[in-house]
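K.L.:
need a 3D model of the following:
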Amino acid sequence: MNITRENIDALNAVVKVDIAKDDYSDKVEKILTDYRKTANIPGFRKGHVPMGMVKKQYGKAVLVDEVNKLLQDALNKYLTEEKLDVLGQPLPKPQDEINWDADDFSFEFELGLAPEFTVDLKSKKAITHYNIIADDKMIDEQVERIQKQYGKLISQDAIAKDSEVTGTFTNEEEEIENTVTLTLDKFKGKATEKQFVGAKVGDTIALKTKGLYTDANELQHALKLEQDKVEGLDIEVTFTVTEINQRELADLDQELFDKLFGKDAVKSATELKNKIKEDAEKQFVQQSDQKLLNDVTEYLVDNTKFDLPAEFLQKWMQTAGEKEIDEAQAKEEYEKSEKSLRYQLIEGKLMEANDIKLDFEDVKESAKGMIKMQMAQFGQMNPSEKELEDITARVLSNQDEVKRLSEQVVSQKLLNLYKEKANIKTKELTYEKFVKEVYGDK
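P.N.:
This next block holds a predicted model:
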């Protein structure tokens with residue numbers, strides 16, 4: 001067997017594999033001999049079928065199978081030994097009908113080669129890593145939400161600004177009939193609030209859906225419609241009041257603290273606020289880190305320049321999926337996935353350069369941490385090691401879950417690298433200001 005490579009350019013090559021009779025004949029002969037021992041052909045005793053008949057019946061199929069196996073093994077071994085970093089899979093070059101009656105065979109494969117490039121983490125302009133804090137306003141609002149949630153409902157005769165109002169939205173034409181409990185602060189305009197204030201049980205209020213709520217999700221919930229129906233909806237609905245209550249705030253006492261956090265874990269309003277601040281800022285760290293990861297990823301993709309064997313990859317995509325696609329579809333698919341492919345190559349380069357590896361133990365520990373958090377949400381604060389091991393084993397038996405956890409572990413390792421080596425500046429701000437700066441006034 002002889003394997004040669006011709007480099008077309010820095011990103012494309014053709015590998016030629018020559019297979020001679022000596023490479024496959026012994027193996028083919030052995031398989032046919034074994035077939036002869038077990039072949040069940042009418043007119044012949046088992047094991048006494050003439051070899052010529054066995055070769056005539058099975059010879060070509062065995063030859064084709066063995067040559068293909070030999071070809072794939074040789075190609076894979078060659079790519080490994082030559083340390084060729086290929087993209088996609090080798091593509092067999094079209095050739096005329098193969099003469100399987102010949103002794104020697106030649107096959108050619110197109111290769112798409114990974115580009116050579118370097119990655120510079122040090123951007124000229126510093127990338128912002130946000131330190132998001134929970135300010136007094138946010139903490140006080142959360143305390144009030146808790147007091148409302150655990151407070152008592154007191155029936156009212158008429159709707160006030162701070163009432164909780166239960167009633168039914170109706171529109172016969174659109175088949176809307178949905179009972180909800182709402183508060184007036186969710187409405188977009190003061191005019192709507194004025195329509196409600198003073199209304200009593202049994203009163204019906206006519207409302208326009210356009211501009212009723214600031215948030216489209218609130219309208220979707222109120223009318224119980226699909227999202228696509230809510231967008232741009234401009235109809236009249238009626239709201240019939242069935243119940244009016246005022247929420248009396250719960251006292252900030254030990255009974256409430258124990259309900260929230262367990263016996264004597266929190267003993268004062270100050271400790272409650274500190275706990276709220278601590279828990280909120282833990283959640284903010286996840287958002288801040290995800291934002292940093294996204295920003296560094298975008299910077300690397302935009303500023304790490306290299307070419308790709310685009311023509312080869314589009315050709316490969318035509319046959320790589322479960323169903324074959326045409327040239328136009330492959331081009332569209334390539335354009336959608338090019339950015340992702342570029343980042344995969346950058347990610348691989350960074351992991352290699354910084355000796356970042358993904359070990360099974362990393363994935364296992366990540367799974368354990370996830371399970372602990374989930375169990376804590378249901379009050380199981382101290383699961384036994386055996387419980388953790390058993391649940392972890394079940395989680396890791398799911399390959400989709402293993403893939404998801406593996407991606408999370410790699411992302412965390414890369415995030416740690418970015419924090420250490422990228423050009424990053426820290427900016428402290430409240431969550432409200434973070435949302436405005438990052439997402440605008442949406």
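K.L.:
show me what secondary structure element comes after the longest helix that the chain contains.
P.N.:
When the chain is scanned for its longest helix (criterion: DSSP state H), the result is helix 269-303. On the C-terminal side of helix 269-303, the closest following helix or strand by DSSP states H and E is helix 310-320.
K.L.:
pLDDT of that next one, averaged?
P.N.:
Here helix 310-320 scores 94 as its mean pLDDT.
K.L.:
part of a strand, is T4?
P.N.:
Yes: assigned with DSSP: H, G, I helix; E, B strand; the rest coil, T4 falls within a strand.
K.L.:
ok, now how distant is L32 from D26?
P.N.:
11 Å (C-beta to C-beta, to the nearest Å). C-beta: built from backbone N, CA, C; applies to glycine.
K.L.:
these two: who's more crowded?
P.N.:
Set side by side, L32 and D26 show more neighbours around L32, with 18 against 10, by other C-beta atoms under 10 Å.
K.L.:
secondary structure element for the more buried one, which one?
P.N.:
Counting by DSSP H and E, L32 is found in helix 21-38.
K.L.:
tell me which residues of that helix are tucked away?
P.N.:
If you call a residue buried by 16 or more other C-beta atoms under 10 Å, then helix 21-38 has these buried ones: D23, Y24, V28, I31, L32, Y35, R36.
K.L.:
the nearest residue to the second one once chain neighbours are set aside: how many residues sit nearby?
P.N.:
Closest residue to Y24 in three dimensions, ignoring its sequence neighbours and counting by C-beta to C-beta, 6 or more residues apart in numbering: E66, at 5.1 Å. The criterion is other C-beta under 10 Å. On that basis, E66 has 18 neighbouring residues.
K.L.:
what comes up buried for the helix or strand where E66 lies?
P.N.:
Element membership for E66, per DSSP H and E: helix 51-81. Neighbour counts using 16+ other C-beta under 10 Å place 54-55, 58-59, 62-63, 66-67, 70-71, 74-75, 78-79 of helix 51-81 among the buried residues.
K.L.:
likewise for stretch 281-295?
P.N.:
For stretch 281-295, a neighbour-count test (16+ other C-beta under 10 Å) marks F284, S288, D289, K291, L292, L293, D295 as buried.
K.L.:
contact partners of it?
P.N.:
When contacts are defined by C-beta atoms under 8 Å, 6 or more residues apart in numbering, stretch 281-295 is touched by residues 127-134, 411, 414-415, 418-419, 424, 431, 434, 438.
K.L.:
which of these are buried?
P.N.:
Applying 16+ other C-beta under 10 Å to the contacts of stretch 281-295 flags 127-130, 132-134, 414-415, 418, 424, 431, 434, 438 as buried.
K.L.:
quick check: I244 vs E298, distance?
P.N.:
Distance from I244 to E298, counting by C-beta to C-beta: 50 Å.
K.L.:
my bad, Y58
P.N.:
To E298, Y58 is 58 Å away according to C-beta to C-beta.
K.L.:
excluding chain neighbours, what is closest to I371?
P.N.:
Leaving aside its sequence neighbours, I371 sits nearest to I391 (C-beta to C-beta, 6+ apart; 5.2 Å).
K.L.:
please, which helix or strand holds that neighbour?
P.N.:
Using DSSP H and E, I391 sits within helix 385-395.
K.L.:
same question, E141
P.N.:
Element membership for E141 (DSSP H and E) is helix 136-149.
K.L.:
and for T181?
P.N.:
Assigned by DSSP H and E, T181 belongs to strand 176-183.
K.L.:
residues touching that strand, excluding its own?
P.N.:
Here strand 176-183 has contacts from 162-170, 221-225, 237, 242-243, using C-beta under 8 Å, 6+ apart.
K.L.:
and the angle from it to helix 136-149?
P.N.:
Relative orientation of strand 176-183 versus helix 136-149 (axes from the mean of the first three to the mean of the last three C-alpha atoms, to 10 degrees): 120 degrees.
K.L.:
alpha carbons of the next helix or strand after strand 176-183, as PDB, please.
P.N.:
Sequence-wise, the next helix or strand downstream of strand 176-183 (DSSP H and E) is helix 190-196. Output of helix 190-196 as PDB, limited to C-alpha atoms (Å, rounded to 0.1, in the frame of the first residue of the first chain):
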ATOM      1  CA  LYS A 190     -52.400  56.300  34.300                       C
ATOM      2  CA  ALA A 191     -55.700  56.500  32.300                       C
ATOM      3  CA  THR A 192     -56.200  52.800  32.800                       C
ATOM      4  CA  GLU A 193     -55.500  53.000  36.500                       C
ATOM      5  CA  LYS A 194     -58.100  55.800  36.800                       C
ATOM      6  CA  GLN A 195     -60.700  53.500  35.100                       C
ATOM      7  CA  PHE A 196     -60.200  50.900  37.900                       C
END
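K.L.:
state the mean pLDDT of helix 190-196.
P.N.:
Mean per-residue pLDDT for helix 190-196: 93.
K.L.:
what comes up buried for it?
P.N.:
T192, Q195, F196.
K.L.:
what's the helix or strand of the chain with the lowest mean pLDDT in contact with?
P.N.:
Ranked by mean pLDDT, DSSP states H and E, the weakest helix or strand in the chain is helix 227-230, scoring a mean of 84. The set of residues external to helix 227-230 that reach it, using C-beta under 8 Å, 6+ apart, is A216, L219, Q220, L223.
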